[in-house]
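K.L.:
kindly return the folded structure for what I paste below:
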Amino acid sequence: MDTYSVDVVYQAISALFQGNNPKEQEKANKWLQDFQKSIYSWTIADELLHQKRDLHANYFAAQTMRNKIQNSFSELPPHTHESLRDSLITHIGQIDERTDNVIVTQLSLAVADLALLMATWQEPINDLLKMLAPHPAAVWPLLEVLKVLPEEIDSRYLRLGANRREEVHKQLDASAECVLKFLCMCLQREDLDKQRILNATLRTFSAWLVIHAFPSTLIYDNPLAQEAFRLLSQPDTSSKLHDNAAECVCALISCIGSNNSDYRNNESHVEAQIFSAVCMLEPAYHMSVAHEDTDKTINYCRIFTSLCDAFFYDMLSNENEPHHSLKGLDLVLLCVGHFDYEVAEITFHLWYRISEDLFQRYNDKLTAHFRPHIERLISALYRHSQMESDHDGLIEESNAFYDFRRKVSDLIKDVAFIVGSGACFKQMFLILQAPETTWESTEAALFIMQNVAKNILPDENEVIPKVVEAILNMSEQTHIAVRYTSILLIGELCDWIENHPESLQAVLNFLLYALQQKNGLAPAAAIALTSICAACRQKMVCHISGLVEIARSLDSFQINNEVAIGLLKGISLILTRLPREQLQPALREIVGFQLQPLAHLVDSFSPTTPLQKGDRTDPVYWIDRACAIIRHTNPDVSESVEHPTVAILNDAWPLVSRVMDTYQSDLRIMERTCRLLRYSVRMVRKQAILLVEPLIKQMVVLYALYHHSCFLYVGSILVDEFAKSNECISILLEMLQAFIEPTFSLLQLDNGLRNNPDTVDDFFRLASRYLDCCPLQLLRSNLITPIFQCALIACSLDHREANSSVMKFFNNLLTWGRTNNSRHAECRPLVVEIAIQHGDALVVNLIHASVFSLHSYMLADVAEVLNELKQVITSAQMEKFLAHALEALPKKNSGGYVTATQEQLDEFSSTVLRADTTKAISQALKTFTRLFR
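P.N.:
Residues are numbered from 1 along each chain as shown. Sure, this is the predicted structure:
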């Protein structure tokens, strides 16, 4: 206790907030963090709050109290809970209008969290109302406590558990009418700061609406709901009040369609009232537009969109007669038509929902109801997509408008089927043909056409020929943005061009000319050419010499490396179609264009010269290009014939090896080099056997030095390709042995698993490949036990890919222990022995990880492991393992509440034992883990 005292804490707070020495401030911050973790911080924080010496100390004490209750409540013995509660309520009662908002929030959260955790506090809402409501100064903090309490129910830090949450919801439901009565009384108080109390009251009402605590008959027929709509209909409502009233109405709308049976029974009447009230906000929306009050306009847009979300399934319920709630879409479309595109963007998620649902239903009659709305939507998006008439050049990628147009592009691709891509294309074409069309209108129309072009039937002969002809003959005086979008449109018409080969030569000439320009058109031309290469592969074979020249001259074009890689991908797709005698020299030449500069970089490397990422002096610049070529050149060659690229890869290996040696400490370069190796081996498969030994020897040395997990991944590729070859088995097992020691030493460091998820992912992916390809050899080796024990520890790692690899390792191992395993029957007794020996630890770790560490979406993988284990051991053994795992779980949470009853534990165990599918176990796990979260 000598270390921590009130005065010492004050000194540290003063040093942190008022000092001017950064080192001393950092030291004070570290000391205060350690203090907050100590048991003494409970009493000292309480004392700081009583003394109220200064703002910083008060804030720190309030935050400490909240953090302790949230994260360390189990430190307090149960007999101290009541005194903590009384002290916190005393602090709340001493708040006045001068108290800082942040302190009020922290103390309110502390009281709310305590009310949720404390087993002996039976009626916290009623107690707080009785103690604080009569005192005018306490009304504001009481409202804050009542607001945050329902918000904290699902806090992942409190881990209340499903049983406690259900109990809390019942408490709140029982207190809801008292709370509503109190909130309505707050509206009438004249002895308080009216604006502050009105804002706080609306926020609290919203929080209780969100959890559906109020009876359905009261959610709309009450003074608070009426006040919210009144505030929204008044043009002079302050911004803050308008925001809170809008939040309140959105929460009110969320009650529509609730699963609560009370809501369902009174649904139609309440729905009609709310729908009508929202529709009556239309004049207020127009007023906000007239006053150019965009913040208020955004609030109305959120309300209208929320209304359509609430009535979503009603809108889609009847194919014969449109539902009355479609009127809500008219309100949303008003907002889409607003001059500020940020308002329109708020509605995008709704249109995605509609298009996805209509696509799944595949009902023409129902889709027809929405066609007029989508036509209006596309027209509005066309207007929003127009650039400013005085804009010179192209839109920069860092510009917010560029990002908006990208979102428009995605949305149009999603909704176009509702009106028909062809109809949309024609509609925009009519705009292009209108007299005196401005350049920005032309560009926007072409932009919309570009986004639907891929879905137009390739045999269309009415509009597209005219569009293509107009683009190919476009004047150089045309605005650069129009030309840029036109080129991208040509690329999107690649399927049409493939079906109309007579246009191909003219298109290629047009694109090659644009590719050579220095005015910003080259990237669009490269993207379009890539698309045409992908769509017209066979027809482009006769142009291969020209494409090789393009690859040779790649760095003379004004394009970035990402676009250049795309172009190389397109060229590689054409290489694949070449006859064998043409493929090898062409591929060697194109790969050589990338490897020659790379060799020059390796030869001239100096450790003191810093790398410039992304330019020609960066090895990754050339490695990525070579990788794109190798990855997408995939000729159809039988395994009995020598692959045309084997010689190229064998010749390239010395350079690749030098790259690995030269840049061995650079993770980024090593990852890209490993990716090149991956695609190289995958392309020629077993014919890469000459590379296996030198590659493994080099990787093992470098991995021991730098722990680059990409080497583990390449190792798994080698296992996949060569483990079935007897001559490679021994060296592959030696590779695994060499990888294990540095891997385990890394993962055994403090937070080793959490800090190195890629290593966990790649290591267990590698182990799974051994089990797939040479299970007997691994199971008979002395390596399987330490790998299994490492996997047991890694069960709790909450990284999606890493944990998935760990679970896949367990699955692949246990699969060989099934009774119906006939492929490697000698593996079965080895796996059964492992399952009996380590099964108890496995089940304990899996259940513990599921309850305390893993996300819900990861439990399906755990369920699969449990299901596989059931196939290997007896039911009696599985029952024993499960019983031990459940016994190890805490019976009560930190507040003293029962987490899982014995009946719930038995039900879970019984479900897992009876289940004959992974899905059933997964569902049982999800339900069970909610008891502890």
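K.L.:
need the three-state assignment for Gln664.
P.N.:
For Gln664, the secondary-structure state derived from DSSP: H, G, I helix; E, B strand; the rest coil is coil.
K.L.:
I meant Ser216, not that one.
P.N.:
With three-state DSSP as the criterion, Ser216 reads coil.
K.L.:
same thing with the one 5 residues further on?
P.N.:
Three-state call for Asp221 (three-state DSSP): coil.
K.L.:
and the gap between it and Gly422?
P.N.:
51 Å (CB to CB, to the nearest Å). Any C-beta I mention is one placed from the backbone N, CA and C, and that applies to glycine too.
K.L.:
same question, Asp414
P.N.:
For Asp414 relative to Gly422 (CB to CB), the value is 17 Å.
K.L.:
just Ala290 next, same as before
P.N.:
39 Å.
K.L.:
tell me which of these two has more neighbours.
P.N.:
Gly422 (17 against 9; other CB atoms under 10 Å).
K.L.:
tell me the contacts of the closest residue to the more buried one other than its chain neighbours?
P.N.:
Closest residue to Gly422 apart from its sequence neighbours, by CB to CB, 6 or more residues apart in numbering: Ile456 at 5.4 Å. Ile456 makes contact with 421-422, 425, 464, 493, 496, according to CB atoms under 8 Å, 6 or more residues apart in numbering.
K.L.:
and for Leu583?
P.N.:
Contacts of Leu583 (CB under 8 Å, 6+ apart): 575-576, 633, 635, 644-645.
K.L.:
just the buried residues of the residues you listed.
P.N.:
Buried by 16 or more other CB atoms under 10 Å: 575, 633, 635, 644-645, out of these.
K.L.:
give the next helix or strand downstream of the helix or strand containing Glu166.
P.N.:
Using DSSP states H and E, Glu166 sits in helix 162-188. Counting by DSSP H and E, the next helix or strand C-terminal to helix 162-188 is helix 194-210.
K.L.:
tell me what angle the next helix or strand after that following helix forms with helix 194-210.
P.N.:
Using DSSP H and E, the helix or strand that follows helix 194-210 towards the C-terminus is helix 223-233. With axes from the mean of the first three to the mean of the last three CA atoms, to 10 degrees defining the directions, helix 223-233 sits at 110 degrees from helix 194-210.
K.L.:
now helix 223-233 - C-alpha only, PDB.
P.N.:
What follows is helix 223-233, C-alpha atoms only, in PDB (Å, rounded to 0.1, in the frame of the first residue of the first chain):
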ATOM      1  CA  PRO A 223     -46.000  12.600 -25.100                       C
ATOM      2  CA  LEU A 224     -42.400  11.700 -25.800                       C
ATOM      3  CA  ALA A 225     -43.100  10.200 -29.200                       C
ATOM      4  CA  GLN A 226     -45.400  13.100 -30.100                       C
ATOM      5  CA  GLU A 227     -42.700  15.500 -29.000                       C
ATOM      6  CA  ALA A 228     -40.100  13.800 -31.200                       C
ATOM      7  CA  PHE A 229     -42.400  14.200 -34.300                       C
ATOM      8  CA  ARG A 230     -43.200  17.800 -33.300                       C
ATOM      9  CA  LEU A 231     -39.600  18.700 -33.000                       C
ATOM     10  CA  LEU A 232     -38.900  17.100 -36.400                       C
ATOM     11  CA  SER A 233     -41.700  19.100 -38.100                       C
END
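K.L.:
and it, how far from the chain's centre?
P.N.:
37 Å (CA atoms, centre = their mean, to the nearest Å).
K.L.:
list the helices and strands the helix or strand harbouring Ala652 packs on?
P.N.:
Assigned by DSSP H and E, Ala652 falls within helix 646-662. Contacts defined by 3 or more CB pairs under 8 Å, 6 or more residues apart in numbering; DSSP states H and E place helix 646-662 against helix 580-603, helix 619-632, helix 667-684, helix 689-706.
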